[in-house]
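# have a look; sequence and predicted model below, questions after that.
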Amino acid sequence: CVLEAVGSSPVGFSQLAMSSATGTVTIHQPLNYRAGARVHPADGGPAEEVYEPATGRVICKVLCSGEKEVDLAVQSAKVAFKIWSQMSGMERSRVLLEAARIIREQKEEIATMETINNGKSIFEARVDIDISWQCLEYYAGLAGSLAGEHIQLPGGSFGYTRREPLGVCVGIGAWNYPFQIACWKSAPALACGNAMVFKPSPFTPVSVVKLAEIFTEAGVPKGLFNVVQGGAATGQFLCHHPDVAKISFTGSVPTGMKIMEMAAKGIKPVTLELGGKSPLIIFSDCALENAVNGALMANFLTQGEVCCNGTRVFVERKILDVFTKEVVKRTQKIKIGDPLLEDTRMGALINRAHLDRVQGFIKQAKEQGAEVLCGGDLYVPDDPKLKNGYYMRPCVLGNCTDDMTCVKEEIFGPVMSILPFDTEEEAVERANATKFGLAGGVFTRDIQKAHRVVAALKAGMCFINNYNLSPVELPFGGYKASGFGRENGRAAIEYYSQLKTVCVEMGDVESVF
Ligand SMILES: NC(=O)C1=CN([C@@H]2O[C@H](COP(=O)(O)OP(=O)(O)OC[C@H]3O[C@@H](n4cnc5c(N)ncnc54)[C@H](O)[C@@H]3O)[C@@H](O)[C@H]2O)C=CC1
Ligand SMILES: C[N+](C)(C)CCCC(=O)O
């Protein structure tokens, strides 16, 4: 059995949604996945405890993969790559569509597992799983039409280009969207004909193994998608492996730098999806209710643990008071608590250390002169089983200035900073005064101003009159220290394939010698 509900009879993954409640699930099956099966790693370091953020309980121990297990996973991917890369795009498309169908069918179980391991509300986890199968569907649709060009040359000669896969790609993920990140990387990779070895964050090792099982069930060759578990050491073995052709990374800026250094040694292409401190600019001519909703969407999804969050909310001074009052009122109404309950909208942060870190930012903000307009304190639910969970009340900070740490650094928690501005020019300049460049947003009814402002924002993902939507058809990725390369949309194909040019002579060779 995959999972065992403590105190009742063992249940399989597919029964999870029906039988599980917060505080009941323990996982016993191996979490490494190689050559089409769950395996215990061939070698490895110590077992790491994995928590349920809602309760602080240990749900399982994950065995970290060592160098040997990483190598076995890469070798297994190489074998599968030989088969998969020879299949036509349409054949690959059918398998990916089947995987998307299975995810849709098992949505409730996967979302439940994601909630238990990550702490986000079940309401949001369901949306994540929807975006995940949509991503597979989207790239299944593209797989059949991946093609090169035919170019005429003098004398009937010609050239053509072939879009070829790279080989074994590595995906390394963060803990905030475990299943979705794995889909955003594997869907374009597999559509292009690559194989993948994926390493999730050691905090959220569980759901991605389910994705591996689904790919196998859908009919990918055994070994096409493997999972290795562990932290930095396992990640390094992957990045240094000579048979790895590409690394796609989602995580923090400091780790992103290390990934790039390691990739440089092997001349491996990288995609880096890193952190952010994105601006959201609210003009006085906006539709106020939409702007308030947008600011909440920009800050409080997944307990604020979202890389593209618009955490610097610039508000035109004329509407500062009315906007702030409304945002605070709405923030105070957010239902915090057991993430598996239907009406919960904010669950628990990922772990104790991260909760402490977010609390530290709020303390420092107060010391630097910011005013806590609401929240920011720990939240202790009434339900006794949740007492050791990692909850806090979402926080709105007023009286902020651009030089404060809470305005400059990525907090990765439910903390919104409100900053007044007077002119468009000033707002754009201050919005861009950051090392990051992942996302940005603007709320206004003036369409020329909206397009002018987003054109001036130095950020890869911009929103007009909404925030934090993620249609898989749209490319996503950063400028500046937020990384490079793109996930989603047609653009991602560029990052998982390479172009071969073939020059064909139809006449005789005229030698110059
Ligand atoms: N731009 C984006 O799409 C996203 C960015 N992030 C960023 O990620 C951060 C939070 O995620 P964390 O998991 O704490 O980031 P992290 O950088 O600590 O870890 C990310 C992943 O890298 C692995 N890793 C750590 N050190 C490594 C090394 N030396 N070599 C290879 N792999 C290594 C980790 O085990 C994990 O799987 C935030 O800063 C956030 O902004 C998070 C989600 C999305
Ligand atoms: C899904 N969305 C847009 C809320 C966040 C995606 C980026 C991330 O992984 O943090």
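All right, it came through fine. Numbering: from 1, shown residues only. Ligands and ions are numbered 1, 2, ... in the order given.

# find the centremost residue of this protein, please.
I181 (4.0 Å; Cα atoms, centre = their mean).

# the stretch 151-300 of the chain: helices as residue ranges?
If you assign secondary structure with DSSP state H, counting those that start in this stretch, the helices in the stretch 151-300 of the chain sit at 178-191, 207-218, 232-240, 253-265, 288-300.

# dump the ones you listed into CSV; add mean pLDDT as well.
CSV is the format used below for the helices of the stretch 151-300 of the chain (pLDDT from 0 to 100):
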stretch, mean pLDDT
helix 178-191, 98
helix 207-218, 98
helix 232-240, 98
helix 253-265, 98
helix 288-300, 98
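
# which of the ones you listed is buried the deepest?
Of all the helices of the stretch 151-300 of the chain, helix 178-191 carries the top mean neighbour count, a mean of 27, counting by mean count of other Cβ atoms under 10 Å. Heads up, the C-betas are built off the backbone N, CA and C, glycines and all.

# that one near ligand 1 at all?
No - in terms of Cβ under 6 Å from any ligand atom, no part of helix 178-191 sits within range of ligand 1; the closest distance is 6.8 Å.

# got the confidence number for the residue nearest to E316 when sequence neighbours are not counted?
The spatially closest residue to E316, leaving aside those adjacent along the chain, is S284, at 4.2 Å (Cβ to Cβ, 6 or more residues apart in numbering). At S284, the model reports a pLDDT of 98.

# surely S284 and F314 touch.
No - here S284 does not reach F314: they are 11.7 Å apart, not a contact under Cβ atoms under 8 Å.

# which one's more surrounded, those two?
F314 (22 against 17; other Cβ atoms under 10 Å).

# wait, doesn't G119 sit right on G56?
No - judged on Cβ under 8 Å, G119 makes no contact with G56 at a distance of 10.2 Å.

# what does the protein put close to ligand 1?
When proximity is defined as Cβ under 6 Å from any ligand atom, the chain approaches ligand 1 at 172-176, 199, 201-202, 231-232, 235-236, 239, 250-252, 255, 258-259, 273-275, 307, 410, 412, 438.

# buried subset of the residues you listed?
The neighbour-count test (16 or more other Cβ atoms under 10 Å) applied to the residues of the chain next to ligand 1 identifies 172-176, 199, 201-202, 235-236, 239, 250-251, 255, 258-259, 273-275, 307, 410, 412, 438 as buried.

# count of residues packed around the residue nearest to V228 when sequence neighbours are not counted?
Using Cβ to Cβ, 6+ apart and skipping residues adjacent in sequence, the residue nearest V228 is S65, 4.0 Å away. S65: 32 surrounding residues under other Cβ under 10 Å.

# cool, the one 10 residues further on as well?
Summarising burial for Q75: neighbours were counted as other Cβ under 10 Å, giving 16.

# lowest-confidence helix or strand of the protein?
Ranking every helix and strand in the chain by mean pLDDT, DSSP states H and E puts strand 3-5 at the bottom, with a mean of 37.

# what about the one residue in the stretch 301-450 of the chain that gets nearest to ligand 1, helix or strand, and which?
When scored by Cβ to the nearest ligand atom, the stretch 301-450 of the chain has C307 as its residue closest to ligand 1, at 3.0 Å. When elements are assigned from DSSP states H and E, C307 belongs to no helix and no strand.

# contacts only, for A174.
Shown in contact with A174 (Cβ atoms under 8 Å, 6 or more residues apart in numbering): 181, 201, 250-252, 307.

# kindly report the residues of the protein close to ligand 2.
176-177, 181, 301, 306-308, 468, 470.

# determine which two of the residues you listed are furthest apart.
Using Cβ to Cβ, the pair of those lying farthest apart is I181 and N468, separated by 15.5 Å.

# pLDDT weak spots in the stretch 351-500 of the chain?
Under the criterion of pLDDT under 70, none of the stretch 351-500 of the chain is flagged as low confidence.

# show me what residue of it gets nearest to ligand 2.
In the stretch 351-500 of the chain, the residue that lies nearest ligand 2 is S470 (3.8 Å; Cβ to the nearest ligand atom).

# do the same with the stretch 1-150 of the chain
For the stretch 1-150 of the chain, Cβ to the nearest ligand atom, closest residue to ligand 2: I131, 6.4 Å.

# specify the local secondary structure of that residue.
helix (DSSP: H, G, I helix; E, B strand; the rest coil).

# who are the neighbours in contact with it?
180, 183, 470, 472.

# would you map the helices across the stretch 1-150 of the chain?
When secondary structure is read from DSSP H, counting those that start in this stretch, the stretch 1-150 of the chain shows helices at 16-19, 67-84, 89-105, 107-118, 122-143.

# neighbours around the nearest residue to E505 once chain neighbours are set aside, how many?
Using Cβ to Cβ, 6+ apart and skipping residues adjacent in sequence, the residue nearest E505 is S157, 5.3 Å away. Burial of S157 is recorded as 13 neighbouring residues (other Cβ under 10 Å).

# S157 contacts D508, doesn't it?
No - proximity of S157 to D508 does not meet the contact threshold set by Cβ under 8 Å, at 10.8 Å.

# in stretch 75-83, what's buried?
Buried positions in stretch 75-83, judged by neighbour count with 16+ other Cβ under 10 Å: 75-77, 80-81.

# and the helices of the stretch 1-150 of the chain, which is most packed in?
Looking across these with neighbours counted as mean count of other Cβ under 10 Å, the highest average goes to helix 107-118: a mean of 26.

# mean pLDDT added to the helices of the stretch 1-150 of the chain, as a markdown table?
Shown next, in a markdown table, are those (pLDDT from 0 to 100):
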| stretch | mean pLDDT |
| --- | --- |
| helix 16-19 | 56 |
| helix 67-84 | 98 |
| helix 89-105 | 98 |
| helix 107-118 | 98 |
| helix 122-143 | 98 |
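
# quick one: closest of the ones you listed to N194.
Comparing the helices of the stretch 1-150 of the chain by Cβ to Cβ, helix 67-84 comes nearest, at 6.8 Å.

# and that closest one, what does it pack against?
strand 32-34, strand 168-172, strand 195-199, strand 225-227, helix 232-240 (3 or more Cβ pairs under 8 Å, 6 or more residues apart in numbering; DSSP states H and E).

# now these in JSON lines, please, with extra columns for distance to K333.
Formatted as JSON lines, the entries for the helices and strands packed on helix 67-84 read as follows, by distance: least, Cβ to Cβ, whole Å:
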{"stretch": "strand 32-34", "distance to K333": "42"}
{"stretch": "strand 168-172", "distance to K333": "37"}
{"stretch": "strand 195-199", "distance to K333": "38"}
{"stretch": "strand 225-227", "distance to K333": "39"}
{"stretch": "helix 232-240", "distance to K333": "40"}
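
# and A99, which of these is closest to it?
Each of the helices and strands packed on helix 67-84 has some distance to A99 by Cβ to Cβ; the shortest is strand 225-227, at 9.5 Å.

# give me the helices and strands touching that closest one, please.
Applying 3+ Cβ pairs under 8 Å, 6+ apart, one finds that strand 225-227 makes contact with strand 32-34, helix 67-84, strand 195-199, helix 207-218.
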